[in-house]
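J.: Pasting a predicted model and its sequence here:
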Amino acid sequence: MARGGDVKKVSDLFAKYRNVLRAPEASVIEAFVSISEELLGVVVPKEKLTYNPHTKTLSLRLNGALKSEIKLHEQEIIAHLKGRLGVQNAPKHIV
């Protein structure tokens, strides 16, 4: 008896999970710290960052000068985060 059907790719079997699962807070913060160090040359302490995966907002509790520098490069940082984490898991806003 033949099973009759097409061969499915393994990646298709995980499509449901790819659409539902979100990146954990720690991985987004780690990616942001490394990207800010690469792009701006600034080391941001992890304790000063919080990420809300439901609103996709990365919050900074930093001094004014550092926060403004990050806000100036917000779109560039978000583009790098999308490349590293994927479009669905990257934050949309940095506040």
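T.: Right, received. Where do you want to start?
J.: Show me the helices in this structure, by range?
T.: 10-13, 15-20, 25-40, 64-72, 74-85 (DSSP state H).
J.: comparing those helices, which gets the lowest mean pLDDT score?
T.: When these are ranked by mean pLDDT, helix 15-20 comes last with a mean of 69.
J.: Could you tell me how far the closest residue to E76 other than its chain neighbours is located from N52?
T.: Of all residues beyond its chain neighbours, the one nearest E76 is L39 (6.6 Å), with distances taken as C-beta to C-beta, 6 or more residues apart in numbering. C-beta: built from backbone N, CA, C; applies to glycine. To N52, L39 is 23 Å away according to C-beta to C-beta, to the nearest Å.
J.: same thing with A79?
T.: Counting by C-beta to C-beta - A79 and N52 are separated by 20 Å.
J.: try K71
T.: To N52, K71 is 18 Å away according to C-beta to C-beta.
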